[in-house]
Structures are given as C-alpha cells and as structure tokens.
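Engineer: Sequence and computational prediction follow.
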Amino acid sequence: MISMVLKTHAPIDVVFIMLGTNDAKRQFSTNSISLEKGIRTLLYKALNPEIYRDGSKVPQFFVVCPPKMNRDGLNNERTKENFGDAGFEILNNTKPYLEKGCRDFDVEVIDTHAIAGSIDGIHMDESGHKQVADVLISVIQEL
C-alpha cells in the first residue's frame, strides 16, 4: 500500500517510517533478520522509480526506531505474555538491524531514545510522544 499512498499524496517532501511496538510481539516471530528484511522490502517498494515516473520528486525518507520498551511493562501480565524478554530485547536494540536494512538506500535511521510509559511498558505516554515529536521536528528543520 505504500506506493499507492505515496502516489495519492504527492508531492511529498519528507516521509518518516516508524515501526510500532506491536511489531515485536511474539505472534509475529520478529527477530533481527525480519526487521532488516522487512524495512528493506518496504523501502524497495517506496523508492520504486515507477512511483515517480510522472516527474514527482522522490521524498527524503527516514526510518524511526520504535520506542524502547519500559522494563516495568513486564510486570503487566498481558505485556509479558505478548512480548516477553525477547520482545524487550528487540525493541531496545532495533537501530543496528534497521540500519542494516537501510544501507542500500539513502535513508537515515533515527533513534529518538523514547521509552514507553510504565503502565503497560509498550505505549508511550505524553512525554514520550513529545520526545519523538521534538526529535522529528529538529530533523525537518535541518533539511
């Protein structure tokens, strides 16, 4: 669907692709290889020259790491069941895997260092959202 979204919203200057915390759920069997391959596949589709053959400018793409999981969330039974220690590790170490998947493209990976809130350990609270917004605003201002 990314190619359709890019075409229907053109012209676009900047695109941020941010993985969600749910991408690390056990049910998806996420690991470093799936993160790398998944982002590579998505970027391959998003940067397909066919999308821009009408003369549209290729936007500047950035990949944003998902927020790190709050260790307190593992006290939440549902979070522990859905993510476990493996999900915690994946969410806290996504940048190198995403960078590996982006290395064939002119795409920077941004780690905002945001940490999820303590209620369930996976959803950001107000301060986490503000932290992500502030980092992305500064990236846009530097363009």
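Structural biologist: Thanks, I have it. Residues are numbered from 1 along each chain as shown.
Engineer: how about the helices in this protein?
Structural biologist: Counting by DSSP state H, the chain has helices at residues 2-8, 32-46, 77-82, 84-92, 94-102, 126-142.
Engineer: what is the mean pLDDT for the longest one?
Structural biologist: If I follow you right, that is helix 126-142. The average pLDDT within helix 126-142 is 96.
Engineer: Quick one: closest of the helices of the chain to Tyr52.
Structural biologist: Of all the helices of the chain, helix 2-8 sits nearest to Tyr52, with 8.5 Å by Cβ to Cβ. The C-beta positions use only the backbone N, C-alpha and C, and glycine is treated the same way.
Engineer: Just put the helices of the chain in TSV and tack on mean neighbour count.
Structural biologist: Shown next, in TSV, are the helices of the chain (neighbours: other Cβ atoms under 10 Å):
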stretch	mean neighbour count
helix 2-8	13
helix 32-46	17
helix 77-82	14
helix 84-92	18
helix 94-102	20
helix 126-142	13
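Engineer: Compare those helices and give me the one nearest Gly55.
Structural biologist: Nearest of these to Gly55, taken as Cβ to Cβ: helix 2-8 at 12.5 Å.
Engineer: looking only at pLDDT, what's the mean for the closest one?
Structural biologist: pLDDT averaged over helix 2-8 gives 92.
Engineer: now swap in stretch 13-29 and tell me
Structural biologist: 83.
Engineer: that older thread, make JSON lines from the helices of the chain and add distance to Pro67 to it.
Structural biologist: Conversion of the helices of the chain to JSON lines gives the following (distance: least, Cβ to Cβ, whole Å):
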{"stretch": "helix 2-8", "distance to Pro67": "22"}
{"stretch": "helix 32-46", "distance to Pro67": "15"}
{"stretch": "helix 77-82", "distance to Pro67": "13"}
{"stretch": "helix 84-92", "distance to Pro67": "7"}
{"stretch": "helix 94-102", "distance to Pro67": "10"}
{"stretch": "helix 126-142", "distance to Pro67": "6"}
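Engineer: can you tell me which of those comes nearest to Ala116?
Structural biologist: Ranking the helices of the chain by proximity to Ala116 (Cβ to Cβ) places helix 126-142 first, at 6.4 Å.
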